[in-house]
Structures are given as C-alpha cells and as structure tokens.
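J.: sequence? don't have it. structure:
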Ligand SMILES: Nc1ncnc2c1ncn2[C@@H]1O[C@H](COP(=O)(O)OP(=O)(O)OP(=O)(O)O)[C@@H](O)[C@H]1O
Ligand SMILES: Nc1ncnc2c1ncn2[C@@H]1O[C@H](COP(=O)(O)OP(=O)(O)OP(=O)(O)O)[C@@H](O)[C@H]1O
Ligand SMILES: [Mg+2]
Ligand SMILES: [Mg+2]
C-alpha cells in the first residue's frame, strides 16, 4: 500500500516509462481519425500518430475506447494518460486540461442536403436549423452566423438529420465529411462552402502532466521533421494536414 | 318452473353430467345432496349457464334453450335473468359496500336510476337482516353476513328461481343458522329454490323434494322423509351413513 | 402431561386469552368447543408457542416455560418438541411428496439418516391408511388424505401431545369420517390429545373431557355427557343450541 | 483488481462540487420540468391505454389478436429502447413517415410502456378470482360490463406496485429522448458537462435529481396504494 | 405532425441490407458471446444472491438492516444505471478505489439486479402463506431451516416470471458497459456503423440479435416454469 502511494505521487511520464504502457483514451467511432476497419482493428489518423509517439517513447500504446463524456471522465480518473481524439484546442478546455502543440488543423465546411442549393455560404445560414455536436467548435461558428442550433451526439447523427430533412445544415470538420462522402456512395449530402479559417486540435492531458506534454511535443516535432508525420497524413488524407 | 331434459356435460374426457332430467314446480324447494364430485355444482352452474351444457335442454319460466344446437349470447342472457345464484364462497365485489353490491345489478344491468335502485337494495338488505351494515365493505362483515348480502344481491334482481350452492358450508357452525333462517323465510314466501347443501335438518324440514346425485346421474329423488329416512338405493344409503 | 397456569394473550387492545388455567393428564383426550373468536385457536397456538403468551406458564411433559419473564428461542424449541400440531388447512409442503413431507422433520430437525427416516415415515403413512399414496404431491390428494398426511407428519416426530385445530372443518362431509377414524385410533392407543372441533359426535364418544371457551375464558369444563347434555352455564346452552 | 491512490476529497474539491451544482441545478430542473416529466406522464398515460388493450387482446378468444399482441410485446421487450427510438425517428423517414421529435418520443415510450405494462395488467386481471367474473355474469352483466365495473377496478389495485416500477424506469429511460433531439434533463446535464468537463459531478447531480423525482413518485404510489386498499382488510 | 416523402425501399437498398448484415453479424455475435452474455449471466447470479440477502434484510426484525436495505434499493432504483456505472468507474478512483472494467461492470450490474430483484423476491416470500412458516416451525425447524427448505424453494417458483423480466432488461442494459470500456455487443455495432455509416441497418441488426437472445431466454424461462410447477395442479 505504501509503495503504491509513492508511485501515484510520481508524475505521469515516469509512471508510463515504469509500466512500459501508454494509456490512451479514444472514441474509436470517428473515422477517419479513430475507428475500426473491416477486420475490426482500431485504426485511423489519431491512432497512428499516438502509436508513433509511443514507439518513440519506447513504450506500448494501449488504447482505451469509450464515449466522448467518459473519455474526459476517464482522463480525470487517471484511467488514461492522454486522449487522442481530435480534441479542438479551446480556451475553456485549456483551463482544465493541458494540450500538446496542435498536430492537425482542419477547415470547417458547410454541409447541406444533396438535393438543395441553399444555404450556399456561411452567411446564408442565419435563422436556419443547424445540427451541431455539443463538443465541437463548429457549434460556436454556426451560432455566430445566426443559425438555430439543434444539439446532436456527433457528425453521424447530424448527417441522419440532414438526410431526413429535419435540419437545414451542419457545419463540420472537412476531413470527416470527405471521408463520409467517400465511404457512403449514396450520400444525400454535399459540401456547400468551405471556411479556411482552420481549427486546430491537440492531444489532451490531465493538468500537471508537464513532463509528459514536453516529451510528446518533442516527438511530434521530430515526426514532423523526419517525414513520418507527412507519411501518416498522406495515407489518410492525401495531403499534409499539419497546423501551419 | 324449471324443466331440464337430457342434460349432458363433460370436461374433456370426464363426463360430469350424464343425461339429467328434472322438473321443479313453482314454489318448490328442491335440495340436492350427493358426494363430492358427483356433479351438483356443475348442475347448478348449467342452470345458470355458467357452464354451457353439451346437450339437452333447459326451460326456466318462459325461456327455453336447446343445447344441442348452437347457442347465442342472447340465449344465455335470456336464461340467466330467470335465476339468481348464491355461491359457496360469497363472491361479493370487494370494492363495493354491501349496499353497492346489491345496487350494482339494478343499475348496470337493469338500468334503474340510482334512487330507485338504492331504495330497492335497502329493502332487500333489510329483509336479510342487514339494515345496519349497508355501508360496510365485505371484508368488514362476518361470513354469515357476507352470505346474506349475496342472497340480497341475487334477490334484488327478482329472479324466478334462486339457486344456492352450499351456501353455509364455508361458515363457522354458529353462523350457519342466520343464513338458513333467511333461506327458510324465502321458502315460506313461496320462492322457487334449488339448494345444494349438507344441512340435513334444512333438507328434512324445508325441502319439498330431495334429489340424490352420484356420478353425474340422479340416483334417487322424492320426499325428504323417503330419501333421507328410507333410501331405496345402496349408494344413497352408503352416502347417508357417511355424513350422519 | 400439560399444565397451563394463568395464561394471558392480547393482540393490541384485544385480549384474547384471559387467565386460562388447565391441566391435561397423560392419555386424556380433551375437546375444546366454543364460538368463533373465543380464543380456541389462540390457545392451541400458545401451547405450541406459535404465539408467545403475555403471561402465565406452560408445562408440557418435563419442559416448563414461564412467560412472565423473557423467553429464549431455546425455551420455545424445548416446548415445541413436546407437541405435534395439525391445522385446519393442512399446510402440507406443496413441493414435497406425502413421503417427503413426513420425512422432512426427521431429516432436517432430528438429523436422522435418510433410510431410517424413510422407514419411519412409511410406517406412519401406513398407519394413517396412505401406504399407496406416498409418492403423490399434496395437490394430487383429496382433502381428507391431505389431513391424514398432516397427522402422519406430526406423529412421526413422536410428540408427547397432539394438538388438532378443527382438523375436519374444511373437509367435504363424506371425507370427515376418514380423518376422525385416524384420530379415534390414536386416542385408543393412549395418545394425549387436545382437539378443537365442532364434531359433536367425536366429542361425545371419544373425549375424556370437554372444555367450553367463550370470550377468552374457560366457561365450563367436565365430562362430555355433563357439558354437552346438561350444561350449567347460560352461554354454553346458547352455543350448543346454535350448532345442533 | 483495485489500487489505492492518494487522491482523496479535499476542501477545494468540495467547493468545486458546490459551485458546479449551483450553476447546473436550475437548467437541469428546467429540463426535468419542461421535458422529462411531461414526456413521462404523457407516455405513461398512452402506454397504459395501449397496455390494457394489449392485455385484453392476449386474454381474448381470437387467436389472431392474441398473436398480434404477443408479437408486439415480444419485439418491444426483446429489443433495446434505443434501437426502437432510432428506427422510429431515423428509420421511418426512409419509408416516407417523418415524425417530429416530441411526438416521436411519445410514440416510442408509449409503445415501450404498453408492452411492459401489458404483462402486468394481464397478470393482475388473471389474479382476480374467477368467482368475480361469475358473480358478475350471474347478475346479468355482459363481458364488457363485468370488465369495466368489476374486474378492472380490482386489477388496477393489484397492479399499482408493479406499474410504479415501470413508471420509475420510464422516468430514467426518457434520457434516451436526447437521441431524437428532445432536450430532456440528462441532455441538459451533458450540455453543462461538455462546457465545464466535470462529467462526474454533473452526472451525479443528475442522478440526484432523478432520485428525488423517483422518491416523490414512490410517496405518491404509497398514497395511491393506501387509498385503493381501503376495501381490503 | 408527420410528412410522407417519396423515398421507399428499392432492390438496391435491400441488397445493401443483406450485405451489411452479413459483414457485421459475426463481429456482433462475438461481442455477444464474449461479453454481453457472460456479463449478463455473472451479474445475474451475483445480483440474485444480493437480492435474496436484501429481501431478507427488508423482512428482518432489525430496523437498522431494514433501513440499509431500503436505502440501497431506493438509491439504485432511483438513479440511472449510467450514472451508477460512471461513479463506480470514474468516481471511485478519486477516493482511492480503482477497479478494472469487467469487474466494475459486474459490480454495477449486480448492484442493479440486486435492487430490482430484491423487491421481487421479497414479494414472493410474502406471497407464501403464513401457514407454511408455521407448519415448518411446528415440526421444530429454525428460521433458517424453514427459509431454506420450505419458503425459498416455493418463493423461487413464484418469482421466476418477474425475475425473467429483470433478466431480459439486464441483457439490454449491458450495452451501457461500453461506457466503462467493456466491448460488448452494442459497442461492436457502434464500431461497425461508424465505419460504414449505416446506423439504421446495423442498429436494427443489433436489435434483432438482442431479440433472439431474449427469445431464447423466454423459452428457457417457460421450461423452467413448467419444471417448477410440477407440484402444483
Ligand atoms: N371447470 C372444470 N374443468 C374440469 N373439470 C371440472 C370443472 N368443474 C368441475 N369439474 C369436475 O367435474 C366433477 C364434478 O364437479 P362438481 O364441482 O360439479 O361436483 P360437486 O358435486 O359440486 O362436488 P362438491 O361437493 O365437492 O362441491 C369433478 O370431477 C370435477 O373435478
Ligand atoms: N394474529 C392475530 N392478530 C390479531 N388478532 C388476532 C390474531 N389471531 C387471532 N386474533 C383475534 O383473536 C381472537 C380469537 O381468535 P381465535 O382464532 O383464537 O378464535 P377461535 O376460537 O379459534 O375462532 P374460530 O372458531 O373462528 O377458529 C379473534 O378476535 C381474532 O380476531
Ligand atoms: Mg360443489
Ligand atoms: Mg380457530
């Protein structure tokens, strides 16, 4: 009991190195960032980035999959050491958590039903119904442009609502929309407008994981320099999505 | 008043009534005795069409039903209004007071108005000696009082014939008399009655006729003095020796 | 054999037994009669400590318990082994066969081995005339047979005294005799018995003594001929006139 | 299997709890009053009507009716409510039926209550002694009259305790309505937590509110039971 | 309230259903066999033990025991299972108790079954006529012997139908285990659906599998009931 108390007091990085395991929380249901392929294997951009970091730290990446809300609770409860799930770097989050340096930036796109041509631009969404997830930055954007927000669990539900004509639009992450359009050939949605003003995401840590954040940032820098990042990025998106 | 011809009733393979024929004149009190399982209850229930006979016919008052052909709900209803039934276990409606129990048939079935029904119900409860218990619920009454409410409930509908199925056999011995007293008075007023009972005193002194049933047939019938004191049949003798 | 002194029992405000004292000699058959609610059942249940008396004392065989002081589970157990009880409603264990019902007490309570218990149970079932029904479940037996199994179950434990609470009053009239016959035989073998019953014939011919209870006191007791034919007390006379 | 760490409750943590509770209590209560409770009550009433019909169908002589009722009960009880709501809200549009969130939720929950409660009502009807039917028939009542005047009032009393279970489950199940865009209480909790990231605290608070609702309900139930029991000893 | 659109079932859609069902059936079945079913069975067994203890506590003479049992039942039934699992898995670590996912799920579900089933078992014990206790006492049995040999076997029979409801609910409730990192069947469904975006199809399929499990269970229940009813007419 005494010994365990001691180890708990030690910082997260030391614990990871001692155990040889890096516990990473992720949703596992958010393609192409973190999802299961046809064989059921967990994969995706975030997963591979996290795996690469773990490799460079010479520890094993152990992924823990759960829902969005449980992901945060799990980080708080020290069930995991890090979250890799396209968590947008936002001020309110920074108050409670530490972020790595941004490892991806993506643009926002305006998505509308395929058989409509309104709204065509972000300016036209005023007064319309936008399906937005509680947890993303895009809801703020929609609100700022005067749309009426319909709260949803995630992108998939937003698409269902769009397809069934219950809402007029959703603003979402360009990369995941592109993945959707690629996967689902009979998609009933389309991209109407793109906002280049990009949002950045980072890996998420408990407050006080300074040494771990520093370590992860170092490996991220290395990856971006030696071409590993570009390789992973191109594999998933056909382009380099690093934050400029 | 009652005319039963070739009545038959089976439950599955078990033939309970085999070709019963019997007549009851207006004002007669017929007591049916017989061992357990001999079909006494089933016979009464057939008179009331709580069981549908398989064959034969029943005439009560002016109404006649042939059971060899298909019978309708209307036939059953016709026959049923002719009789009132009192069960071994009172079967009062537990959620109604004594008064409401008696009024229920008058209001719901005979569509009398509440005031009229109440007056009539009160007079019948008075008749069975329960003027002071009218507003009690069944569970607040003793077994003998419950039985008497049951009698009043049946009487209030002014049936041509009253059927009693062991009305005292579930009662404590000293409560038996109060129920028999009411039945005796009814008989003296000229009510036509068919009574299944093991009260030999009642049979001896009140019955105009006694029927001994066994194995689904009428084994012997006649004046009480004859059947009870000098039975002709072996089976009657054996049964009487057992219960006396 | 039994010695009861100043027994008292109330349920809340309702005093059911007021200072009952009575003695039963070895081999005596005492019949208790009295109107409903007079406390007959409560008296028997006190002898068996199914109800804990509020005061007085009970001695059965060598065991004596004072109820004015605090009694223990052990006291209850001591007294209880002295008596066997037969209820109005048989209370057989429905999930056991007749044989198992009789064996249960021998095995679970007296810790006899199965073979011995079976032999004993069989002999007692034989005694009550049920040698051929041993492997039937209670629901497959008639009321009279069920009561006889109940008697065998109590007898098998070889109590000093047998208590009967209206053992025949829930039975069809022609089944009464088979139970009374078993009780008669028991009495003739010298078993000490306390019997609550309304069977006047049994009281007259078998009882060594009759006790008439009313309102929680013993109103009158004595030889059957005296109490039943020439009662001294007004209350006894009234009761006897009601039930005969 | 479990490890003991040194993170325990501190005064700061406690004050955090208090602060967050204060901030989130009102919005959640609002969610409860405007959505959770109306949704529960309306669905329960419709569900009971449906359940009574289903119970009678299962007890009827028509084997067609019996089979329909059995199928309905089996499907609803055998599949998760989540899936049912999903199909009603997201599935039906593809066959041309689009229903608004609140009515869709009412339909979903009523169907669910209807299935679960029908078994309870059926059992209570069966628990009424056959003699009650017969007594009703002997005084000349029809099936319908006997049912309405004699059997259902008694069956109602018998089914209050088990139905209150169904009701309490329903209160909590309404949290699934957020899936089809009804902003009930648990949705509010999620919204609040997604802003302050204190999921544990906010959810616990939501649990507390549910518990209070259920507690109040159980008191109502006891009252009801007592009132209905006036006629049994 | 609802609108009719022109999107209806087409042959292509049907073949899509078939294809997706084929691809996702095996993984989901795996999830069911390796997680959903064991989780259900183990929790149910522990839950029943807990429930029996709780029922006896609620019927005991000790008012302390009675209050503990009442409190436990009230809290568990009054709050959503989701919140309970959340607290066990993400809340307890902050007071120093960290439990692995599978055992945590077992604890959560057992506590839940324990509370719901305790009410059922309590009612069944109460439904056994007092005469059975008395008959047991008169042949010299102790409370414990009477309970074990006479009362519980009979109460068990009475409680099979309502317990099977609890069991069926449990099967479906285990889907919440994904919240605390147990990859049960519904999690598999979510994984598959998030990859191919065919939520409606995949969830319906999951519903079908649940329904099959429940259907099989209800057959088992009927068998069990029949076997236990051999001694009543
Ligand atoms: N609803 C039923 N289904 C099947 N069998 C029945 C039914 N009702 C009665 N029986 C059978 O019919 C036979 C006669 O029963 P009935 O109740 O008419 O006898 P009884 O003369 O009234 O006997 P008791 O004196 O015990 O009341 C019995 O063998 C009984 O088991
Ligand atoms: N457990 C109990 N709680 C409260 N009152 C009771 C209880 N048992 C019996 N009584 C009351 O005690 C009184 C005597 O009852 P008891 O059963 O001893 O009478 P009894 O002489 O056996 O009557 P019966 O002939 O009807 O069996 C009655 O007023 C009854 O209501
Ligand atoms: Mg009969
Ligand atoms: Mg008594």
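T.: Okay, I see it. Since we're looking at a predicted model, the values are computed, not measured. Numbering: from 1, shown residues only, chains lettered A, B, ... in the order given. Ligands and ions are numbered 1, 2, ... in the order given.
J.: that's a strand at residue D:149, yeah?
T.: No - secondary structure of residue D:149, determined by DSSP: H, G, I helix; E, B strand; the rest coil: helix, with no strand assignment.
J.: quick check, it in contact with residue B:107.
T.: No - taking CB atoms under 8 Å as the contact criterion, residue D:149 and residue B:107 are not neighbours in contact, 9.3 Å apart. The C-beta positions use only the backbone N, C-alpha and C, and glycine is treated the same way.
J.: before we move on, which element is residue 16 in?
T.: Let's take chain A. Using DSSP states H and E, residue A:16 maps to helix A:12-19.
J.: wait, chain D
T.: Secondary-structure assignment from DSSP H and E places residue D:16 in helix D:11-31.
J.: before we move on, what about residue A:49?
T.: Here residue A:49 sits within helix A:45-56, counting by DSSP H and E.
J.: buried ones in the helix or strand following that helix?
T.: Using DSSP H and E, the next helix or strand after helix A:45-56 towards the C-terminus is strand A:60-65. Within strand A:60-65, the residues that qualify as buried by neighbour count (16 or more other CB atoms under 10 Å in any protein chain shown) are A:61, A:63-65.
J.: could you do stretch B:236-243 as well?
T.: Using 16+ other CB under 10 Å as the burial criterion, the residues of stretch B:236-243 that qualify are B:236, B:239-240.
J.: next one: the residue in chain D that ligand 1 sits nearest to from residue B:45, what distance?
T.: Taking CB to the nearest ligand atom as the measure, the point where chain D comes nearest ligand 1 is residue D:130, at 9.1 Å. From residue D:130 across to residue B:45, the span is 12 Å (CB to CB, to the nearest Å).
J.: do residue D:151 as well
T.: Using CB to CB, one obtains 19 Å as the distance from residue D:151 to residue B:45.
J.: neighbours of residue B:55, how many?
T.: When neighbours are counted by other CB atoms under 10 Å in any protein chain shown, residue B:55 registers 16.
J.: these two touch, right, it and residue B:10?
T.: No - at 9.7 Å, residue B:55 and residue B:10 do not qualify as touching, with contact defined as CB under 8 Å.
J.: which residues are in contact with residue D:106?
T.: Contact analysis of residue D:106 by CB atoms under 8 Å, 6 or more residues apart in numbering or on different chains lists D:39, D:42-43, D:46.
J.: and the residues you listed, which two are furthest apart?
T.: Within the contacts of residue D:106, D:39 and D:46 form the most distant pair, 11.0 Å apart (CB to CB).
J.: just to revisit the earlier point, avg pLDDT for the helix holding residue A:16?
T.: Helix A:12-19 comes out with an average pLDDT of 93.
J.: does it reach chain D?
T.: No - in this structure, helix A:12-19 remains apart from chain D according to CB under 8 Å from any CB of the partner chain; the gap is never smaller than 11.2 Å.
J.: hmm, that helix touching chain E?
T.: No - under the criterion of CB under 8 Å from any CB, helix A:12-19 makes no contact with chain E; the nearest approach is 13.2 Å.
J.: how about stretch D:204-212?
T.: Yes - contact of stretch D:204-212 with chain E is found when judged by CB under 8 Å from any CB, involving D:204, D:206-208, D:210-211.
J.: specify which member of those residues is nearest to residue C:142.
T.: residue D:211 (53.7 Å).
J.: what about the top helix by length along chain D, near chain A?
T.: Counting by DSSP state H, the longest helix found in chain D is helix D:199-228. Yes - contact of helix D:199-228 with chain A is found when judged by CB under 8 Å from any CB, involving D:199-200, D:203.
J.: elements contacting that helix?
T.: Taking 3 or more CB pairs under 8 Å, 6 or more residues apart in numbering or on different chains; DSSP states H and E as the contact definition, the neighbouring helices and strands of helix D:199-228 are helix A:68-76, helix D:11-31, helix D:152-173, helix D:185-196, helix E:63-78, helix E:81-86.
J.: nearest to residue B:88, of these?
T.: The nearest among the helices and strands packed on helix D:199-228, by CB to CB, is helix D:152-173 at 20.1 Å.
J.: identify each buried residue in the closest one, please.
T.: Residues of helix D:152-173 classed as buried under the neighbour-count rule (16+ other CB under 10 Å) are D:152-160, D:162-173.
J.: which SS class is residue A:112?
T.: strand.
J.: right, and it touches residue A:177 too?
T.: No - shown here, residue A:112 and residue A:177 do not form a contact pair, counting by CB under 8 Å, at 11.2 Å.
J.: let me see the contact set for the spatially most central residue of chain D.
T.: In chain D, the residue lying closest to the centroid (CA atoms, centre = their mean) is residue D:170, at 2.2 Å. Remark: with contacts taken as CB under 8 Å, 6+ apart, residue D:170 is in contact with D:40, D:43-44, D:47, D:109, D:112-113.
J.: now it: how far from residue E:203?
T.: Applying CB to CB, one obtains 21 Å for the distance of residue D:170 from residue E:203.
J.: how far does the longest helix of chain D sit from the chain's center?
T.: 13 Å (CA atoms, centre = their mean, to the nearest Å).
J.: again, but for stretch A:144-152
T.: 21 Å.
J.: which residues sit against it?
T.: When contacts are defined by CB under 8 Å, 6+ apart, stretch A:144-152 is touched by residues A:122-123, A:125-134, A:139, A:142-143, A:158, A:161, A:166-167, A:169, D:178, D:181, D:183, D:187, D:191.
J.: hey, what's the most centrally placed residue in chain B bridged with?
T.: Using CA atoms, centre = their mean, the residue of chain B that lies closest to the mean C-alpha position is residue B:163, 1.7 Å off. Beta-bridge partners of residue B:163, counted by DSSP bridges, are residue B:85, residue B:194.
J.: show me the contacts for it.
T.: Counting by CB under 8 Å, 6+ apart, residue B:163 makes contact with B:44, B:47-48, B:83-86, B:193-195.
J.: also residue A:99?
T.: For residue A:99, the contact set (CB under 8 Å, 6+ apart) comprises A:87, A:89, A:93, A:202-205, A:213.
J.: and residue B:142, by the same measure?
T.: The neighbourhood of residue B:142, defined by CB under 8 Å, 6+ apart, consists of B:175, C:36.
J.: now do 10 Å
T.: With contacts defined as CB atoms under 10 Å, 6 or more residues apart in numbering or on different chains, residue B:142 is in contact with B:133, B:148, B:171-172, B:175, B:178, C:36-37.
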